[in-house]
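> I would like to see how this sequence folds:
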Amino acid sequence: MTVDNFVKQIADHGRSRRWQSLPAPVVHECKRRIIDTLGCAIAAFDAEPSRIARDLGTRVWAREGARILGTDQRTLPELATFANGVMARYLDGNDVFPGGGGHPSDVIAPMLALADTFGCGGSAAIGAIALGYDVHYALFHALRVFDKGFDHPFYTAISSAAAAAYLLALNEPQTIHAISLAITPNLALGATRRGNLSMWKGCASANAARNGVFAALLARAGMTGPERPVEGGLGLGELVGNRGLAFADDQPFRILQADMKFFVTEFHSIAPLMVALELSKGVATDHIETIEISTYRFAYEEIGSGAEKWRPTSRETADHSLPYIVAAVLVNGGFSDAIFDPARFTDPAILRLADKITIKEDRELTRQVPHCFPCHMQMHVAGGLVKSAAMAVPRGHHDDPMSDGEVNAKFRQLASRKLPPQRVECALDFIWTIDASPSAGDVFDLLRID
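As a prediction, this is how the structure comes out:
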């Protein structure tokens, strides 16, 4: 068969020995990401998109399938991937490759679903997850589909297929077909993240992961995909270009370069939040006259421009609205994702303060991306006082990482919304030693909501 070199590079990287004996720091980082992702997922159990996805998943009962998070229900692994992935993504609280790279931790839900279905051990699941991060990072830097009007969950579909191929021990032709079957049908529109945002904003990556799992299962059953989905005629390369994949066995593990979120909100809002909270110390909210935020282009376009950002009407829009987030946090006196409750969207105090906020792109700050993700803020206070501060990277960025204690505390705060304290601690203990478990899917036992 003729093989697309782009696809073969991904397949070869997935079939290397790199994933069978991971360095201890990589294993440790995988565990931190699993903790972070599952905490966000449990906390989102009651959200409407989560309920919809879960109800669709429970239409099918599969005795040897994967469990839907929080329940005893087993369903097809692709349906469990979607339901669990929607829960994991809804709060928008876990890690990211900033600047349009999407959320590499979206590979975690599909790998746990497959591990639960096929009885895979924790070490194999961690290897698959680390592989998914590598593939996601390489795709982001090779394709930059967001710049062409497409949505970044495209990377999730392919990384999930490649990781699933590893976890299911597919042979080389099957792996190549799985990747092709993930590439060809899954190029989604960036319209998902513009204007008033719908529920789909938090579901798109789960859908992509579901499709990646399904592509691997199809290939495992003998389905073939297009031979040259990227470099051939009418292929992906003609549509979005191709800067070339960068894979090498001696390259850094890309999971170490993914940035976590100290606050459960859009990544590019975290540094401005931290600066605003620092400047507001000792200042009554009513005394703030204006707030001027300077940021880089991606943050300005993604969360800092458009009339809907000053008057959000959905959670999805609110957590991508920098003026709303900053105003709500200052009114609250600290961050809580309760600011995304729809009842807060018409809070007069928040809206009054949001109207005092202006946001602009600073080209000098744009030039500093992606080495840092800076913001500068000026706060004008009644009486003529002007306070200013800047931040290069937020807490949680890989240059200023969260501690294990902070990761645990975030999990406890999120998971305890649905689980009793003893269950929360048992889940943490299991995940911190998941690489020694013969069945990674056992984590679902500990996350069942009574």
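
> flag the shaky bits of the stretch 201-350 of the chain, pLDDT-wise.
Along the stretch 201-350 of the chain, the model assigns pLDDT under 70 to no residue.

> which residues of it fall in strands?
288-295 (DSSP state E, counting those that start in this stretch).

> the helices in it, which residues?
Using DSSP state H, counting those that start in this stretch, the helices found in the stretch 201-350 of the chain span residues 204-220, 236-240, 270-279, 297-303, 315-318, 322-332, 348-354.

> dump the ones you listed to TSV, plus mean neighbour count and distance to residue 194.
C-beta here means a position set from N, CA and C on the backbone, and glycine is covered the same way. Formatted as TSV, the helices of the stretch 201-350 of the chain follow (neighbours: other CB atoms under 10 Å; distance: least, CB to CB, whole Å):
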stretch	mean neighbour count	distance to residue 194
helix 204-220	27	13
helix 236-240	17	18
helix 270-279	22	21
helix 297-303	21	9
helix 315-318	24	10
helix 322-332	25	15
helix 348-354	18	20
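
> wait, which of those helices is closest to residue 255?
Nearest to residue 255, of all those, is helix 204-220, at 16.5 Å by CB to CB.

> what helices and strands are in contact with the closest one?
Counting contacts by 3 or more CB pairs under 8 Å, 6 or more residues apart in numbering; DSSP states H and E, helix 204-220 packs against helix 77-90, helix 108-118, helix 153-167, helix 172-183.

> pipe the helices of the stretch 201-350 of the chain into CSV and attach distance to residue 380 per row.
Converted to CSV, the helices of the stretch 201-350 of the chain look like this (distance: least, CB to CB, whole Å):
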stretch, distance to residue 380
helix 204-220, 39
helix 236-240, 44
helix 270-279, 10
helix 297-303, 20
helix 315-318, 25
helix 322-332, 14
helix 348-354, 13
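
> do you know which of those helices lies nearest residue 48?
Closest approach to residue 48 among these is made by helix 315-318 (9.3 Å; CB to CB).

> contacting residues around the closest one?
Contact partners of helix 315-318, identified using CB atoms under 8 Å, 6 or more residues apart in numbering, comprise 196-199, 201-202, 308-309, 312, 324-325, 339-342, 344-345.

> how about the helices of the stretch 201-350 of the chain, which one is nearest residue 436?
Judging the helices of the stretch 201-350 of the chain by CB to CB, what sits closest to residue 436 is helix 204-220, at 25.2 Å.

> convert the C-alpha atoms of that closest one to PDB, please.
Taking Å, rounded to 0.1, in the frame of the first residue of the first chain, the C-alpha atoms of helix 204-220 are listed here in PDB:
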ATOM      1  CA  ALA A 204     -16.400  19.300  20.600                       C
ATOM      2  CA  SER A 205     -13.300  17.700  22.000                       C
ATOM      3  CA  ALA A 206     -15.200  14.800  23.500                       C
ATOM      4  CA  ASN A 207     -16.800  14.200  20.100                       C
ATOM      5  CA  ALA A 208     -13.400  14.300  18.500                       C
ATOM      6  CA  ALA A 209     -12.000  11.800  21.100                       C
ATOM      7  CA  ARG A 210     -15.000   9.600  20.500                       C
ATOM      8  CA  ASN A 211     -14.300   9.600  16.700                       C
ATOM      9  CA  GLY A 212     -10.600   8.800  17.400                       C
ATOM     10  CA  VAL A 213     -11.600   5.800  19.500                       C
ATOM     11  CA  PHE A 214     -14.000   4.700  16.800                       C
ATOM     12  CA  ALA A 215     -11.300   5.000  14.100                       C
ATOM     13  CA  ALA A 216      -9.000   2.700  16.100                       C
ATOM     14  CA  LEU A 217     -11.800   0.200  16.700                       C
ATOM     15  CA  LEU A 218     -12.600   0.300  13.000                       C
ATOM     16  CA  ALA A 219      -9.000  -0.300  12.000                       C
ATOM     17  CA  ARG A 220      -8.800  -3.100  14.600                       C
END
